[in-house]
Structure formats: C-alpha cells, structure tokens
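[1] What follows is a predicted structure for the sequence shown.
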Protein chains: 2
Amino acid sequence: MTVAASISNKIVEAILSQQLAPEARLGESELATLFNCSRTIVREAMLDLAARGIVTVIPRRGWFLTQVDAEMARELYDARQIIETGLLRHFAQKGRPLEPHLVQRLQSHLAEQQLALEAGHVGRRSYLLGNFHVCLAECLGNRLLAEKLRDFTVLTTLFTMRHQTPGDARMSYEEHVAIVEALASGRLADAGECMREHLGTWDSKVHMVREVDPLDGLRRALAPMPSDVKGVAAGGKK
Amino acid sequence: MTVAASISNKIVEAILSQQLAPEARLGESELATLFNCSRTIVREAMLDLAARGIVTVIPRRGWFLTQVDAEMARELYDARQIIETGLLRHFAQKGRPLEPHLVQRLQSHLAEQQLALEAGHVGRRSYLLGNFHVCLAECLGNRLLAEKLRDFTVLTTLFTMRHQTPGDARMSYEEHVAIVEALASGRLADAGECMREHLGTWDSKVHMVREVDPLDGLRRALAPMPSDVKGVAAGGKK
DNA sequence: CCTCCATGTCTTGTATGCAACATTAATATA
DNA sequence: TATATTAATGTTGCATACAAGACATGGAGG
C-alpha cells in the first residue's frame, strides 16, 4: 500500500472511531512530518479524500473535514437506505440463501461488535457499528456499492459527531443481530424490513438535534447580560 | 472551475460521447501541453478520476481508462438498477407527484435526446442517453447518488465501448420516454417498473458479446494462413 | 478607546528538477 | 540467424522551491 493510501485510510479510520475532532484542521506540513513524507504525498491523500467528499479545502486556509449540513444528511440517510435495502431486495430476488461462510463472517462481525460494546471501547464500537454495513454489502456481492457505502458511513459519522445525535449503540447492535438472523434463516424479506427500520429512524432522532448556530456560544453568553438588553437585532430564543 | 477539474470533466465528457478510444493512454506531459499547465495539475485531475474508478495507473507506464471486466460490469448494472429503482421507489413512498418544473426539465431532456437521435449525432446521442439517468436522479432530489450514478454511467460506457454491445439507441430513448410519461402522470410504481426493465435487460445483451481475447487480432491474422496450421495451441473459433 | 493600515507569518497552489523504473532499440556474441 | 546484453529513451514518482494569498499582530492616527 502506498503512503498516500495509508494516510487516507488512517484518517478514515480515525473518523469512524471518533478519534478525530470534526472541526480539526488537517495541515499538509503536519501530516507530512507525521508520516515522514513530502507534502506532495499528503496532497495526494487529501485529493483522494476530497474526491470522496470526506474532506474539503478552503483555499490557502487548510483542509477540513466536510461539514455535513441538514440537506446533505437527508440525502445521506436516503442513499444508505436505498442502497442497503436495494441490495437485500436484489439478493432476495435471486432466491438463494446466503452462503454459509458469509453468514459466519457476519456472525463473527457481530461477535466483535458485542465484545467492543461490553468492554466499553467507544472508538472500536463506533467503528464496528459503521463497518457492519460495509461488511454486509460486501457479503451481498457488490464491492462497488460497498465502497461507496463506506464513504457514506464516514460522512454520517461526521454528521452525528457534530450534532451529538444520541445514537443508542446497543440498539443498533441488536438491530444488526436481527438482520443477520433473518438472513441466516433465509427470511430475506424480513432482513430487508429490519434494515429499512434500522436506517429509517434517523429523522426521529434528528429532531432531537439542536440546530447548530455559529453564534450560539456568543448568543448564550450575551443573553443573560443585564445591560444592553434591547441593543441587538430582533429575536430572542428560538 | 479549476484547470484540474476542467481536465477531468473534459475526459469524462469525451468518454460519454465515445470520442475517446477505451485503450487510449493518457500521458501526463501530453495533457499538460494540451491544457497549458504543469504535470502537477494534470496529476491532480488523474488522481480525481482514479478515485472515481474511471482511470487506472500502471506504475511508470502511464494512465489508462479502466478496463471493466465482466464481474465489475455485473456489479455496475446491479448498482445502477438498485440505485435508480430505489430512488423511484423512495420517491413514490412520499406520495407526492413530481413537481411540474422537474417534469418539464425531464421532458426537454427527452427532446434533446430525440433531436440528437434524428440528427444522427452519435456522440451527443450517446452522451445524452447516459446523462438522462443522472438528470433523473437529480430531479428525484439526491445529488449524492446522482454524482455516483454519473461515474457508474461512465464505467458502463467504457464497458460497452470495449465490448461493442449492440445498444439500440432508439429503444433506450423510448424506454426513457415511457419512464417520464409514467412519472408525469403520477403512475410512480409504473415508472419504477419501466426502469427495472430498462436496466435489467443488460445481461441478455451481454450474452451476445464476444469475449475479448487479447490475441484475437493476432489469431485472426494467422488463421487463414495456409502454412503452420496445427502449430498453435488448441482452440479454433469459439 | 476604537479604527485603519502596514507588515510579518503561515497556509496552500503550482512549477520544476531529478530519481527510479519499464520498455525498446541497438549491438555484440555464439 | 538467434539470443543475450547493453544503451537509450520515455514514463511516472516524489521532493523541493518559490509564488500567492489569508490572517494575525502591532502600531499609528483619530
């Protein structure tokens, strides 16, 4: 694997493990010294991540993790639901059960999820919960979609990190279990339905999300001020 | 638009218009002089195309359009069918008809297709027939999937070009018309079914595809030779 | 005390130079 | 003539140097 690829991989993994603050700046020189290579190579990695939508450059300012706004988040969840349920539906049409060694692969993935869950490894837990969807897509026989799904999962993580969606890990895990169980016992339609529910509940969670307001901190700091009460433009609390 | 972006766009358009031989080499220096920029910029464009799977580099040999093998083609058509029918299904679930200005956009796109078809503009025809799917995805409200669909369409073109799939342009056009008509009159489920058929017939066409044999030209050139008839390894014509 | 401007510093943007390697052509040799 | 070896050529791989711009700092002027 080239150095550039290892840099972008490392960054992707760091995001999925929630070890990278979503507002962090990715300085070219910093990364170059960190990976002991030239800026050219770092740039190559950043360009790759940019093509995948994970990273954005502000000219002459720096590289930043993409800020996923509400509209993009909607498209993201829609896309994931469409792809994953579509993949399951497409597989179901073939009328054959999932091959045993693939079932086993999914089950051992679930075991790892459970392990991380019980051990309280937040990073690994988060990584595995996202990675499960990629693993499933691979098992269903479409690497092209699996790869794109990985990128979408990364972007989803960036969204949830910034908006602190509650994200019940145990519940996600159990829904994963239900999907694999349906798949293993040949109830393919059920698996699709589980997946639809698993990915369809995002907006009910997102309603709890407080809108991120760049002036939020400032506003809050100023609101209780005794003086200058009516000085600023209209609009108190939303 | 940056120079790098214009290079990659140009290449993508050239592929979709079938103006770029699928075995063509994309030399960095060539492109640099062609676009009057340095190799650095060209490299940036190639890296972008590589991240999208459109181009592949052979170390120290050059950049080439990706060779889509049979397995990848299968995934490609599956992916497109999953995404596009999924998009239609997802839209149908919302229970609202397509907004009038979007219907109109699709219809004028159809008009352009017809124009190119009747005028016999092969390149533009090919471009529009592929672009229709991207346009539709955009109209259905998911830019993320629309963009990925564009890349998939490019790869599909690369496959069909190399394998000379018959590809009846007029039939494709008429299927597009059927989809838009269903969409315009609110028969959303019908639209999905049309799309499924439109994208589902690929393998029946691919059966007609002659397997590409790297020795094909050589073999053909040697076959009618009167001398040395039994010299080469077994296997005459397929 | 506030505002405006100059300047220094830090960042990415781009070109270029050289190294490493693959292929091809030429040449020597059996 | 066939083959192995060597030289030449052309390509990408990578590092580096410098340019261009954004931002922060400090000071002068009001």
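    Cool, got the structure. Quick caveat: nothing in here was measured; it's all calculated off a predicted structure.
[2] how about the strands in chain A?
    Here chain A has its strands, by DSSP state E, at A:25-26, A:55-58, A:62-65.
[3] now the ones you listed in TSV, with distance to chain B and mean neighbour count?
    Every C-beta, even on glycine, is put in place using the N, C-alpha and C of the backbone. Formatted as TSV, those follow (distance: least, C-beta to the nearest C-beta, whole Å; neighbours: other C-beta atoms under 10 Å in any protein chain shown):
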stretch	distance to chain B	mean neighbour count
strand A:25-26	17	16
strand A:55-58	11	16
strand A:62-65	14	19
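[4] Please produce TSV containing these, extended by distance to A:Asp190 and mean pLDDT.
    Shown next, in TSV, are the strands of chain A (distance: least, C-beta to C-beta, whole Å; pLDDT from 0 to 100):
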stretch	distance to A:Asp190	mean pLDDT
strand A:25-26	43	97
strand A:55-58	38	98
strand A:62-65	37	98
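[5] How is chain A divided into domains?
    Structural domains annotated on chain A: A:3-65, A:70-206, as defined by automatic domain parsing.
[6] what mean pLDDT does the longest one have?
    To tie it back to what came earlier, the one meant is domain A:70-206. Averaging pLDDT along domain A:70-206 yields 94.
[7] near chain B at all, that domain?
    Yes - counting by C-beta under 8 Å from any C-beta of the partner chain, chain B has neighbours in domain A:70-206: A:72, A:75-76, A:78-79, A:81-83, A:85-87, A:89-90, A:141-145, A:148, A:152.
[8] Could I get the strands of chain A in a markdown table, plus columns for distance to B:Gln18?
    Putting the strands of chain A into a markdown table (distance: least, C-beta to C-beta, whole Å) gives the following:
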| stretch | distance to B:Gln18 |
| --- | --- |
| strand A:25-26 | 39 |
| strand A:55-58 | 33 |
| strand A:62-65 | 36 |
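[9] Of those, which is nearest DNA strand C?
    strand A:62-65 (3.8 Å; C-beta to the nearest atom of the strand).
[10] That closest one: partners in the sheet, and parallel or antiparallel?
    Under the criterion DSSP bridges, strand A:62-65 sits next to strand A:25-26 (antiparallel), strand A:55-58 (antiparallel) in its sheet.
[11] Looking at these, which is nearest to DNA strand D?
    Nearest of the strands paired with strand A:62-65 to DNA strand D, taken as C-beta to the nearest atom of the strand: strand A:55-58 at 7.3 Å.
[12] A:Thr201: which of the strands paired with strand A:62-65 is closest?
    The closest of the strands paired with strand A:62-65 to A:Thr201 is strand A:55-58. By C-beta to C-beta, the value is 28.4 Å.
[13] Present the strands paired with strand A:62-65 as TSV; the columns should include distance to DNA strand D.
    Listed next are the strands paired with strand A:62-65 as TSV, based on distance: least, C-beta to the nearest atom of the strand, whole Å:
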stretch	distance to DNA strand D
strand A:25-26	12
strand A:55-58	7
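[14] residues touching A:Ile7, list them.
    Contact partners of A:Ile7, counting by C-beta atoms under 8 Å, 6 or more residues apart in numbering or on different chains, are A:31, A:35, A:41-42, A:45.
[15] typed the wrong thing, it's A:Leu31
    Contacts of A:Leu31 (C-beta under 8 Å, 6+ apart): A:7, A:42, A:45.
[16] tilt between the longest helix seen in chain A and helix B:70-93?
    Secondary structure of chain A read by DSSP state H shows that its longest helix is helix A:70-93. Using axes from the mean of the first three to the mean of the last three C-alpha atoms, to 10 degrees, the inter-axis angle of helix A:70-93 relative to helix B:70-93 is 120 degrees.
[17] which strands and helices sit next to helix A:70-93?
    Helix A:70-93 sits against helix A:122-139, helix A:143-163, helix A:188-200, helix A:202-206, helix B:70-93, helix B:143-163, with contacts defined as 3 or more C-beta pairs under 8 Å, 6 or more residues apart in numbering or on different chains; DSSP states H and E.
[18] on that earlier part again, highest neighbour count among the contacts of A:Ile7?
    Per-residue neighbour counts (other C-beta atoms under 10 Å in any protein chain shown) across the contacts of A:Ile7 peak at A:Ala45, which has 27 neighbours.
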